[in-house]
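A.B. asks: Requesting a structural model of the entry that follows:
(chains A and B)
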Amino acid sequence: MLEFMQQLINGFSLGSIYAVLALGLAMVYSTLGILNFAYGELITIVGYTMYFATQAGAPFLLAAGLGITFAAIASLLMQLALFRPLRGASFVTLLFASFALSQALQGVFRQAISPRARGIAVPEIFSTFVTIGDIRIGFLTIATLIIALTSMGILAVFMRYSRSGLQMRAAAIDLTTTRLMGVRANRVILGAFAISGILAGIAGVLWMARTTQVTPTSGFTPILIAFIAVVLGGLGSIPGAVIGGYIFGVLEVFLQAYLPIGLVPFQFAMALIAVSVLLYLRPEGLMGKRIEEKV
Amino acid sequence: MKISKAILALVCTIPLVLTACSSGDSTDTGATADGDSTAASGDPIIIGFAADLSSTYAYYDQPMLEGAQLAVDEINETGGVLGRPLDLKVVDIRNDPAEATKAVQEMIDEGAVYLIGSTGDVIAAEGAIACEAGVPISTGDGTAPTLVDDIGECAFQVLMNDTIQGATAAEYALAQGYKTAFLLGSPEYAYTANLPGYFSEVFTAGGGEIVGETSFTIGAGDFSAVVTKIANADPAPDVIFTPIFVPDTPVFMRQLRQAGVTLPVISTDGNLDPSLADAGADAIDGMVFTAPVCTSDGNEDIAAFYETYNARNGSDPSSAVAALGYDEINILAQTIETAGASDSASIMAGLANAQYDGITGRTEMNPETRRANKPAAMILMEGTNFTCLPAPAFPSLVPAP
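C.D. replies: Numbering: from 1, shown residues only, chains lettered A, B, ... in the order given. Just a heads-up that it's a prediction; the model follows:
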């Protein structure tokens, strides 16, 4: 029971990273209908920024702040350099363009930095743990949960009560009508990319604090899971993406912890089967709306 | 490449390079031991290395290449093998079996008589092509003993293998007085799947007890589930044995210590890389692992190797694995010299019985198994420094693969 509780907390902690990531993906998807595959490279950018910053002697918090800033800038540049010129292109064209960008960036990291992992120094406090009753939980596990929940809370308030948030929500429902009402599309879209970049930055910092190293392909695993979380939660649904992230995090930890040893290599496959079953039962995802498109 | 006489003279003091130097003497090109460089001439003897230089196994294939290239250069400068130069052809196959198949086929078509295998799983694809063409292939830095039988008659393992390092690790654990052990493996690769078994066989035969076992996912990035299981193991073990390897090890060790688990950890040769130190002194201080070689105890041959490498490349090789690549080429050169022929069949016949004193120790090939009987070294992490433990004897009990 004790171990079960600890694993549950592990699952929620990992899930909250996936949730933040999925949220960033969903933000862009709901406004523009783009699934940005190069989103994973934002995590890698956070990693390398933190690596170079800590190497240069910057304290961890400054390195983390720089990482988030660079991720947000990179996200904006992706929109300006890649997606804006392609506006109006089909969903598949945009998906492939983002996939190409992802591969190109990985190649750049590999050639310009190194194919080998680079270690990121993290503060001593990350190696401590807290005891609640009989449950022993790592400081980082708790910190991850709190930071992720806080970030998502702030975003929810921003979307609910600010003018920009209202514009983004309106654009998510119908971009054309929103523009007709005098909202500048470019501003809304840039806003969505900026928020998406900041979320990738936060998730990137949490991921790097956990793995303590960055490789050219660091972003691949988390982005794949964020994709699955978005689809599981219901494409276009922002709360759905968050729920999808948590479900996948808990699923991953529990399968790792409780599958018989011989089956552990199939952990990811089993998690995907579970997702497939859920999607079979609810093709629109957990929070997605059933939409009948007129042909 | 022009190098100073002093360095070449130094290099020639290394016993194995003496072979290269003296073999140069016996050829028409007439290299001399005082360091006069006499380049080999004639048709080159082609060696192929379809290596992973840009993905997971770059940790091992890159240093293998660095060491092998140094050996090739030295041999060529001192008269070559049978008076002919060695030509090391290298292709980065990025751990992709399709690329590996293509690269190996091309190398064989170009006349390669010997192949160094990649450390990754793609060696199965490389080996299939090699055996079909009758060209010998080594397992490179791959230590799984099953590789040789899986690939076939053309495969050779010229370094220490996992049965030896698993047994060495277990004997070390028993000598430390550990009575109970927790095993952490992964069924994904032969290396991570079988090493816990080899350890356990020798550990239990010596009176130890395995009190728990679980598995990890290679490259997971998050080991919290595994770490929680270890932290809750009941009864708590005296020691953890795991064949986890870089870049996973620093991540795992950090997360293990973060969960408050201070148990000693014994691991294996996949950690012979400077990036292990990325975990930070707190996480890896006291960790012990077996390795094919320990380079930090001031061994003269190793020191000379590092000095030469540094003089030529301006930096150290990327890890101690380079010493294995260096020895492998020299074993091959000696085999060809002894056989007096450089065709694949002669090399295979010669390699099966090769005996060689290299910078990483004595290699004695067992013609039955085509694997080397070579003792493992043991390395202790003191903070982030790799220090050599006293060289372990060849284990008294070596499990069957």
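A.B. asks: Quick one, grab the pLDDT at the nearest residue to A:Ser127 once chain neighbours are set aside.
C.D. replies: When the adjacent residues along the chain are set aside, A:Ser127 lies closest to B:Gln258, with 5.1 Å between them (Cβ to Cβ, 6 or more residues apart in numbering or on different chains). From N, CA and C alone the C-beta is placed, and that goes for glycine too. B:Gln258 is assigned 82 on the pLDDT scale.
A.B. asks: now B:Gln258: how far from B:Glu364?
C.D. replies: 44 Å (Cβ to Cβ, to the nearest Å).
A.B. asks: Neighbour count: those two, which is higher?
C.D. replies: B:Gln258 (24 against 12; other Cβ atoms under 10 Å in any protein chain shown).
A.B. asks: ok, now which ones touch the more buried one?
C.D. replies: Going by Cβ atoms under 8 Å, 6 or more residues apart in numbering or on different chains, B:Gln258 touches A:Phe126, A:Ser127, A:Thr128, A:Phe129, A:Gly138, A:Phe139, A:Leu140, B:Val227.
A.B. asks: Averaged over its residues, which helix or strand of chain B has the lowest pLDDT?
C.D. replies: When the helices and strands of chain B are scored by mean pLDDT, DSSP states H and E, helix B:15-25 comes last with a mean of 36.
A.B. asks: Give me every residue in the stretch 101-250 of chain B lying close to chain A.
C.D. replies: Selection of the stretch 101-250 of chain B residues close to chain A by Cβ under 8 Å from any Cβ of the partner chain yields B:185-188, B:213-217, B:219-222, B:224-226, B:228-229, B:231-232, B:246-247, B:250.
A.B. asks: residue in the stretch 301-401 of chain B nearest to chain A?
C.D. replies: When scored by Cβ to the nearest Cβ, the stretch 301-401 of chain B has B:Ser318 as its residue closest to chain A, at 7.8 Å.
A.B. asks: give me the number of residues near A:Val277?
C.D. replies: Neighbours of A:Val277 using other Cβ under 10 Å come to 10.
A.B. asks: if we look at the sheet, which residues does the residue in the stretch 1-150 of chain A that chain B sits nearest to bridge to?
C.D. replies: Going by Cβ to the nearest Cβ, chain B is nearest to A:Gly119 of the stretch 1-150 of chain A, at 2.5 Å. Using DSSP bridges, the bridge partners assigned to A:Gly119 are A:Gln213.
A.B. asks: So it is in contact with B:Ala279, correct?
C.D. replies: Yes: at 7.4 Å, A:Gly119 counts as touching B:Ala279 under the criterion of Cβ atoms under 8 Å.
A.B. asks: As CSV, the contacts of B:Gln258 with pLDDT and secondary structure would be great.
C.D. replies: What follows is the contacts of B:Gln258, written out as CSV (pLDDT from 0 to 100; DSSP: H, G, I helix; E, B strand; the rest coil):
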residue, pLDDT, secondary structure
A:Phe126, 82, helix
A:Ser127, 76, helix
A:Thr128, 81, coil
A:Phe129, 82, strand
A:Gly138, 83, strand
A:Phe139, 87, helix
A:Leu140, 88, helix
B:Val227, 93, helix
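A.B. asks: just curious, which of the residues you listed is nearest to A:Leu101?
C.D. replies: Among the contacts of B:Gln258, A:Leu140 lies closest to A:Leu101 (Cβ to Cβ), at 31.0 Å.
A.B. asks: Pretty sure the closest one sits against A:Phe126.
C.D. replies: Yes: A:Leu140 is within contact range of A:Phe126, at 4.9 Å (criterion: Cβ under 8 Å).
A.B. asks: shared neighbours of these two, which are they?
C.D. replies: Counting by Cβ under 8 Å, 6+ apart, the contacts common to A:Leu140 and A:Phe126 are A:Ala209, B:Gln258.
A.B. asks: Looking at the two, which is more packed in?
C.D. replies: A:Leu140 (24 against 21).
A.B. asks: contacting residues for that one?
C.D. replies: By Cβ under 8 Å, 6+ apart, the neighbours of A:Leu140 are A:Phe126, A:Ala209, A:Arg210, B:Gln258.
A.B. asks: and the gap between the second one and chain B?
C.D. replies: With distances defined as Cβ to the nearest Cβ, to the nearest Å, the gap from A:Ala209 to chain B amounts to 10 Å.
A.B. asks: That residue is in what secondary structure piece?
C.D. replies: helix A:185-211 (DSSP states H and E).
A.B. asks: Might you calculate how far that helix sits from the centre of the chain?
C.D. replies: 8 Å (Cα atoms, centre = their mean, to the nearest Å).
A.B. asks: Show me what counts as buried in it.
C.D. replies: Neighbour counts over helix A:185-211 (16 or more other Cβ atoms under 10 Å in any protein chain shown) mark A:185, A:188-211 as buried.
A.B. asks: got it, and stretch A:1-8?
C.D. replies: For stretch A:1-8, the neighbour count (16+ other Cβ under 10 Å) marks A:Glu3, A:Gln6, A:Gln7 as buried.
A.B. asks: Apart from its chain neighbours, what residue comes closest to the last one?
C.D. replies: Right, A:Gln7. A:Ala257 (4.9 Å).
A.B. asks: From B:Ala279, how far off is that neighbour?
C.D. replies: A:Ala257 sits 23 Å away from B:Ala279, taking Cβ to Cβ as the criterion.
A.B. asks: Those two: which has the busier surroundings?
C.D. replies: Taking neighbours as other Cβ under 10 Å, A:Ala257 and B:Ala279 compare with B:Ala279 leading, 26 against 22.
A.B. asks: isn't the more buried one right next to B:Met253, touching?
C.D. replies: Yes: contact criterion Cβ under 8 Å: B:Ala279 and B:Met253 qualify, at 4.7 Å.
A.B. asks: for the chain, longest helix please?
C.D. replies: Just going to use chain A. When chain A is parsed with DSSP state H, its longest helix is helix A:2-32.
A.B. asks: you looked at the wrong chain, it should be chain B
C.D. replies: What stands out as the longest helix in chain B, according to DSSP H, is helix B:58-77.
A.B. asks: what helices or strands is that one leaning on?
C.D. replies: Contacts defined by 3 or more Cβ pairs under 8 Å, 6 or more residues apart in numbering or on different chains; DSSP states H and E place helix B:58-77 against helix B:15-25, strand B:45-51, strand B:86-92, helix B:300-313, helix B:322-339.
A.B. asks: Can you convert these into CSV and add a column each for distance to B:Pro264 and mean neighbour count?
C.D. replies: Output for those, formatted as CSV (distance: least, Cβ to Cβ, whole Å; neighbours: other Cβ atoms under 10 Å in any protein chain shown):
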stretch, distance to B:Pro264, mean neighbour count
helix B:15-25, 36, 20
strand B:45-51, 34, 27
strand B:86-92, 38, 19
helix B:300-313, 27, 17
helix B:322-339, 27, 26
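A.B. asks: Which among those is found nearest to B:Glu382?
C.D. replies: helix B:300-313 (18.7 Å).
A.B. asks: relative to helix B:58-77, how tilted is that closest one?
C.D. replies: Interaxial angle, helix B:300-313 versus helix B:58-77 (axes from the mean of the first three to the mean of the last three Cα atoms, to 10 degrees): 90 degrees.
A.B. asks: Measure how far helix B:300-313 is from the centre of its chain, please.
C.D. replies: Remark: helix B:300-313 is offset 18 Å from the chain centroid, using Cα atoms, centre = their mean.
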